[in-house]
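1. With the sequence up front, the predicted model follows.
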Amino acid sequence: MKQTPIRSTTILGVRLGRRVALAGDGQVTLGEMQLKSNAVKVRSFADGKVLGGFAGAVADALTLFEKFEAKLEEYNHNLQRAAVELAKEWRTDKYLRELDAMLALMDVENSYLLSGSGDVIDPDDPVISIGSGSGYATAAARALIVAGQKDPRKIVKTAMSITADLCIYTNHQLSMLELGAKTKK
């Protein structure tokens with residue numbers, strides 16, 4: 001019996017200077033049916049200094065988040081080293097190799113996309129995105145940056161709204177995290 005794929009998620013992160021915003025939508029679908037509208041697919045690590053989001057199978061992604069958190073602790077919150085070591089283990093471990101997920105990881109200096117094939121991608125620009133609506137979200141965020149928007153939170157919020165209007169696997173229920181945000185007076 002062929003299993004109906006669960007599709008869901010757009011995760012979008014933008015880093016401008018030392019300010020970072022990372023958000024995920026809340027939709028989970030099974031085939032053409034929406035199962036959940038307010039899932040949380042982003043979280044912070046290392047006492048709020050590292051942000052992460054996932055796309056793919058939830059149980060698999062949560063397993064990877066646990067492994068990533070352990071790597072962060074092992075390597076003194078060094079995002080780059082933890083990401084590389086997780087990707088190596090993910091690619092070579094018999095059990096982990098079967099996990100179906102992608103991770104987007106950010107701090108105020110770095111952004112990485114991780115996959116089970118051992119990919120650790122450090123994008124050329126300040127935008128990272130994974131999931132069903134990734135292309136829409138990346139395009140919208142880049143356009144907002146080119147148009148002069150300087151606030152990562154506003155860029156992510158607007159780009160995710162545009163994505164939700166276009167991608168049937170993305171909704172307007174956002175969970176957003178920030179690093180280095182200016183305090184409001």
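-> Structure's in. What do you need?
2. Isn't Asp107 up against Arg19?
-> No - using Cβ atoms under 8 Å, Asp107 makes no contact with Arg19, being 11.6 Å away. To be clear about C-beta, it is placed using only N, CA and C from the backbone, and glycine gets the same treatment.
3. These two - which one has more neighbours?
-> Asp107 (22 against 18; other Cβ atoms under 10 Å).
4. which residues touch that one?
-> By Cβ atoms under 8 Å, 6 or more residues apart in numbering, Asp107 lies in contact with 20, 46, 49-51, 79, 179.
5. Report the two of these separated the most.
-> Val20 and Ala46 (13.1 Å; Cβ to Cβ).
6. higher neighbour count, these two?
-> Val20 (26 against 17).
7. Quick check, pLDDT for the more buried one.
-> Confidence at Val20, expressed as pLDDT, is 98.
8. What separation is there between it and Glu178?
-> 6 Å (Cβ to Cβ, to the nearest Å).
9. Which neighbours do the two have in common?
-> The overlap between the contact sets of Val20 and Glu178 (Cβ under 8 Å, 6+ apart) consists of Pro152.
10. What residues sit buried inside the helix ranked longest in the chain?
-> What stands out as the longest helix in the chain, according to DSSP state H, is helix 58-74. Neighbour-count burial for helix 58-74, counted by 16 or more other Cβ atoms under 10 Å, picks out 58, 60-61, 63-65, 67-69, 71-72.
11. what does stretch 46-53 give?
-> 46, 50-53.
12. In strands, which of these fall?
-> The strands, defined by DSSP state E, take in 50-53 from the buried residues of stretch 46-53.
13. what's the closest of these to Val28?
-> Gly53 (14.2 Å).
14. On the strand side of things, show who the closest one bridges to.
-> Per DSSP bridges, the residues bridged to Gly53 are Val42, Ala104.
15. What's the separation between it and Ala147?
-> 24 Å.
16. related to what we said a few turns ago, identify the contacts common to Asp107 and Arg19.
-> Leu179.
17. OK, contacts around the residue most central in space within the chain?
-> By Cα atoms, centre = their mean, the chain has its centre lying nearest to Gly53, at 3.1 Å. The contact partners of Gly53, by Cβ under 8 Å, 6+ apart, come to 11, 13, 22-24, 41-43, 103-104, 130.
18. ok, which stretches of the protein are strands?
-> Using DSSP E, strands in the chain cover 6-8, 10-16, 19-25, 28-30, 33-36, 42-45, 50-56, 101-106, 111-115, 120-121, 127-131, 174-179.
19. Mind checking these for the one nearest to Ala164?
-> strand 19-25 (6.3 Å).
20. what is the orientation angle of that closest one with strand 127-131?
-> 20 degrees (axes from the mean of the first three to the mean of the last three Cα atoms, to 10 degrees).
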